[in-house]
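Q: Here you go, sequence then predicted model.
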Amino acid sequence: MLFDFNMQTTIDKNYDVCIVGTGPTGITLARKLAKSGSRVILIEAGGPDYSEQSQDFYECESIGHDAWPKFTRLRYFGGTSNHWSGRCRPFDSSDFEGQGINGLPGWPIQYSALEPYLKEAMEILDLKPEHGFQAINDDLLNNKFQPDAFSKSPPTRFKAKYLSEIETAKNIDCFYHATAIDLQLDTLKKSVLGLEISNYRNSQATVKAAKFILCLGGIETPKFLLNCNKQIPSGVGNTTDMVGRCFMEHLNVPMGSFIYRDLDNSAPMQFYTDDEFVQEKRIGKSNISLGIIAKVKSYGRTKAIKNFFKNIACQMEIEDKVQFISDFKCPGMGNIGTLLEQSPNLDSRVSLSQHTDSLGLNRAQLNWQINDYDKKTIRETGLAMAKEFSFAGLGVVRLADFMLDENLEIQFGHHAHHMGTTRMSDDPKYGVVDTNSKVHDCDNLYIAGSSVFSTGGACNPTMPIIQLSLRLADHLQA
Amino acid sequence: MHKPITRRMFVNSLCLTAITPLALTEEPTSKTTSITIIRPRLEKLDIIDSHFVSVDGWILPTKTLTEGVI
């Protein structure tokens, strides 16, 4: 059933599970737990559709590198699945075998903990398990890189696919326009008794459940926990000051461009660093994409004229002077795209801003930082790619200035993948949740989503997010 | 009767006249092959290792500089 908390502000049932957030994580958990008979309440802060009023709550103070936190997330039913790209790839087993980076341990679980959920996760994301993950190119680089195998979801929009199922499910009550504002703890502060929610008019209610799962994403989850400071001043789950720390993104570095030796070659390629190279250099993993942009976008006689100037310009090497007429790249020229693993770093963090929202909660403050380990990942990977590309006879790479000159600041952007801020660790000193995604300090509070990632790998996070959610559902049903 | 000038014809003519002077004022360059990877001016030359050099950011096998582009 669906309820608008702006209209229906009474919640008088007790539930088995309260799930906060209707992104891929929350919806996956709700469906799975409801199917096993649990009485589920699903809380969504936004509405069924996008609104500026809701999106404004994602206003975030950014004091480090800019990760565009307000624009990369969506605060309505379906969450950020409403604009994701669909690229899917699971973690490798080597992602779970790391010795630790920057004084922090890696994952406390093995890949075998996620593998059983791969097929079901693929079906949820409208992928064909029988097709598996495929590379788009052959193994053309003999060393250090392998073709990257992945699959493309349509992409699955969780609202479009699952809203009607949630609406008609007998044991799921979904309240939207309901913002989670606090957790009520028992006197020992070890269990959650209730979740306080509010609508935009500040009408409030308390949700009672046996278990609570936060599925709010890598920025909102720590923001919420840190705001729960009436009973524990440092915030719920934060006795070791780990909530919000180790914010990781995937690094989007404009490494450079390339020219294929075969100018007629326009095939895109994607490569992934192999484990031996990464371990030898002690760097993070990388996905490297090579793509030709040679098409003139236009039609009819205008296209003919643009193609004429493009051909002359490329022969005379004056392409930069005619770009104002037509955006193009010369035949054989391409751009290098990257998705690089960032290491967990205590200084890269989400904390609370002094600014508050209309419900009186402190907004998030994001301080996104990279460190020397990440800079080494960027430079070593770029240089290795350039060399292997040449060794393989594919052509030549031109690296950006900052790739070769350590005195220059590295230019980088983000991929809208927010990870690590309530990381998983056996030892509460290094994380917020245990191997079952349960908050260390609390008996019945769980966290799901990319905020629990101990490391980020170099793959789009949606696939492992779904796998971890299915695993958590199994654990809660056991 | 003259054919009426459409907006597209006007814009295309403007582009032709805009680009032509620029092209004419460029110093004549020798007709280059499509695989031109060494510019006439070497802005920056750095040795990467025993196999590679960087020329203006282009990562080239060292033998390219001694033996030429193959």
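A: Thanks, I have it.
Q: you'd agree A:L340 is up against A:I378?
A: Yes - A:L340 is in contact with A:I378 according to Cβ atoms under 8 Å; the separation is 6.2 Å. No exception for glycine: its C-beta is placed from N, CA and C like everyone else's.
Q: which residues in the stretch 301-450 of chain A form helices?
A: Here the stretch 301-450 of chain A has its helices, by DSSP state H, counting those that start in this stretch, at A:372-391, A:401-404.
Q: what's the helix or strand for whichever residue of chain B sits closest to chain A?
A: The nearest approach of chain B to chain A comes at B:I59, 3.7 Å away (Cβ to the nearest Cβ). Using DSSP states H and E, B:I59 maps to strand B:58-61.
Q: Same question for A:R471.
A: Counting by DSSP H and E, A:R471 is part of helix A:462-477.
Q: Just the CA trace of that helix, in CSV.
A: C-alpha atoms of helix A:462-477 as CSV (Å, rounded to 0.1, in the frame of the first residue of the first chain):
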residue,chain,number,x,y,z
THR,A,462,24.8,-1.1,-8.4
MET,A,463,25.4,-4.8,-9.0
PRO,A,464,27.3,-5.4,-5.7
ILE,A,465,24.7,-3.2,-3.9
ILE,A,466,21.9,-5.5,-5.0
GLN,A,467,23.9,-8.6,-4.1
LEU,A,468,24.7,-7.3,-0.6
SER,A,469,21.0,-6.4,-0.2
LEU,A,470,19.9,-9.9,-1.1
ARG,A,471,22.4,-11.3,1.3
LEU,A,472,21.2,-9.1,4.1
ALA,A,473,17.6,-10.1,3.4
ASP,A,474,18.6,-13.8,3.7
HIS,A,475,20.4,-13.0,7.0
LEU,A,476,17.4,-11.3,8.5
GLN,A,477,15.1,-14.1,7.4
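Q: what's the spacing between it and its chain's center?
A: Relative to its parent chain, helix A:462-477 has a centroid offset of 16 Å by Cα atoms, centre = their mean, to the nearest Å.
Q: Could you list the buried residues of the following helix or strand past the strand holding B:I59?
A: Moving toward the C-terminus from strand B:58-61, the next helix or strand (DSSP H and E) is helix B:62-67. By 16 or more other Cβ atoms under 10 Å in any protein chain shown, the buried positions in helix B:62-67 come out as B:T64.
Q: Please put the alpha-carbon coordinates of helix B:62-67 into PDB.
A: Extracted in PDB, the C-alpha atoms of helix B:62-67 (Å, rounded to 0.1, in the frame of the first residue of the first chain):
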ATOM      1  CA  THR B  62      62.300   5.500 -28.200                       C
ATOM      2  CA  LYS B  63      63.000   3.900 -31.500                       C
ATOM      3  CA  THR B  64      60.400   6.200 -33.200                       C
ATOM      4  CA  LEU B  65      62.800   9.100 -32.700                       C
ATOM      5  CA  THR B  66      65.800   7.200 -34.100                       C
ATOM      6  CA  GLU B  67      64.200   5.100 -36.800                       C
END
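Q: which secondary structure elements does it contact?
A: strand B:52-55 (3 or more Cβ pairs under 8 Å, 6 or more residues apart in numbering or on different chains; DSSP states H and E).
Q: Show me what the strand holding B:I59 pairs with in its sheet, parallel or antiparallel.
A: strand A:395-399 (antiparallel), strand B:52-55 (antiparallel) (DSSP bridges).
Q: What residues of the longest one count as buried?
A: By that I understand strand A:395-399. Quick answer for strand A:395-399 (16+ other Cβ under 10 Å): A:395-399.
Q: At the geometric centre of chain A, which residue do we find?
A: A:H417 (2.7 Å; Cα atoms, centre = their mean).
Q: distance of that one from chain B?
A: 28 Å (Cβ to the nearest Cβ, to the nearest Å).
Q: my guess is that residue contacts A:L251, does it?
A: No - the pair A:H417 / A:L251 is not scored as a contact, 9.9 Å apart, by Cβ under 8 Å.
Q: ok, back up a step: give me the contact list for the helix holding A:R471.
A: A:17, A:24-25, A:28-29, A:32-33, A:36, A:38, A:81, A:84, A:88-91, A:113-114, A:116-118, A:120-122, A:124-125, A:153, A:211, A:213, A:215, A:436-437, A:446, A:448-450, A:452-453, A:457 (Cβ atoms under 8 Å, 6 or more residues apart in numbering or on different chains).
Q: secondary structure element for the residue nearest to A:S469 when sequence neighbours are not counted?
A: Distances taken as Cβ to Cβ, 6 or more residues apart in numbering or on different chains place A:T28 nearest to A:S469, at 4.3 Å, with adjacent residues excluded. Secondary structure assignment for A:T28, by DSSP H and E: helix A:24-35.
Q: Past that helix, which element shows up next along the chain?
A: Toward the C-terminus from helix A:24-35 - assigned by DSSP H and E - lies strand A:40-43.
Q: What segments of the stretch 1-150 of chain A are helices?
A: Under DSSP H, counting those that start in this stretch, the stretch 1-150 of chain A gives helices at A:24-35, A:52-55, A:118-124.
Q: Can you spell out which helices and strands pack onto the first one?
A: By that I understand helix A:24-35. strand A:14-20, strand A:40-43, helix A:158-168, strand A:172-176, helix A:462-477.
Q: at 10 Å what do you get?
A: Using 3 or more Cβ pairs under 10 Å, 6 or more residues apart in numbering or on different chains; DSSP states H and E, the elements in contact with helix A:24-35 are strand A:14-20, strand A:40-43, helix A:118-124, helix A:158-168, strand A:172-176, strand A:204-214, helix A:462-477.
Q: What distance do you get for A:Q369 to chain B?
A: Using Cβ to the nearest Cβ, A:Q369 is found at 27 Å from chain B.
Q: and that residue, backbone torsions?
A: phi -130, psi 150 (degrees, to the nearest 10).
Q: what about the residue lying closest to A:L445 once chain neighbours are set aside, neighbour count?
A: In space, and not counting its chain neighbours, A:L445 is closest to A:V439: 4.4 Å by Cβ to Cβ, 6+ apart. Look at A:V439: counted by other Cβ atoms under 10 Å in any protein chain shown, it has 24 neighbours.
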